[in-house]
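Student: no sequence for this one, just the structure:
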């Protein structure tokens with residue numbers, strides 16, 4: 001089998017396509033949550049804390065050598081990223097919880113059929129009846 005044919009078969013599997021769609025949607029969802037945190041959630045929190053702009057919070061480290069630029073530790077961006085993570089993790093938790101609830105309902109609604117042993121016993125009994 002040629003390399004390209006094998007790659008095509010791999011790429012066209014349902015799992016790979018589903019994964020690719022999930023990655024694209026996840027990336028878009030991440031951008032939405034980032035905007036939600038940066039533009040909607042953090043400004044009121046900063047306002048309540050006396051006008052603090054979290055994106056601008058940083059700690060300046062002085063330059064060690066002359067002519068070298070100062071280094072900053074941007075802990076405000078880190079706080080925003082942590083809030084993003086918490087929101088995304090919570091949204092995924094709710095999604096998985098909902099999917100589990102739906103799958104449990106499907107399992108409960110599905111009628112339990114006879115086991116393989118019961119079916120084989122029924123077939124054996126029917127065959128025995130036909131011989132008589």
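Tutor: Structure's in. What do you need? Every value quoted in this text rests on a predicted model; they were computed, and no experiment measured them.
Student: residue boundaries of the strands in the protein?
Tutor: Using DSSP state E, the strands of the chain run over 59-61, 71-73.
Student: mind listing the helices for this structure?
Tutor: 3-11, 14-35, 42-48, 75-109, 116-131 (DSSP state H).
Student: could I get those helices as JSON lines with distance to residue 56?
Tutor: (Each C-beta comes from the backbone N, C-alpha and C, glycine too.) Formatted as JSON lines, the helices of the chain follow (distance: least, Cβ to Cβ, whole Å):
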{"stretch": "helix 3-11", "distance to residue 56": "45"}
{"stretch": "helix 14-35", "distance to residue 56": "17"}
{"stretch": "helix 42-48", "distance to residue 56": "9"}
{"stretch": "helix 75-109", "distance to residue 56": "6"}
{"stretch": "helix 116-131", "distance to residue 56": "67"}
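Student: any chance of these in CSV, plus mean neighbour count?
Tutor: What follows is these, written out as CSV (neighbours: other Cβ atoms under 10 Å):
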stretch, mean neighbour count
helix 3-11, 9
helix 14-35, 11
helix 42-48, 14
helix 75-109, 12
helix 116-131, 9
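Student: so for residue 67, which of the ones you listed sits nearest?
Tutor: Closest approach to residue 67 among those is made by helix 75-109 (26.3 Å; Cβ to Cβ).
Student: can you give me the end-to-end span of stretch 59-74?
Tutor: Start-to-end span of stretch 59-74 (Cα to Cα, to the nearest Å) is 7 Å.
Student: sorry, back to before: in TSV, list the helices of the chain along with mean pLDDT.
Tutor: Below are the helices of the chain laid out as TSV (pLDDT from 0 to 100):
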stretch	mean pLDDT
helix 3-11	80
helix 14-35	83
helix 42-48	84
helix 75-109	83
helix 116-131	87
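Student: among the ones you listed, which is nearest residue 61?
Tutor: Per Cβ to Cβ, nearest to residue 61 of the helices of the chain: helix 75-109, 12.3 Å.
Student: next, the angle helix 14-35 makes with that closest one.
Tutor: 140 degrees (axes from the mean of the first three to the mean of the last three Cα atoms, to 10 degrees).
Student: could you list every helix and strand that helix 75-109 packs against?
Tutor: helix 14-35 (3 or more Cβ pairs under 8 Å, 6 or more residues apart in numbering; DSSP states H and E).
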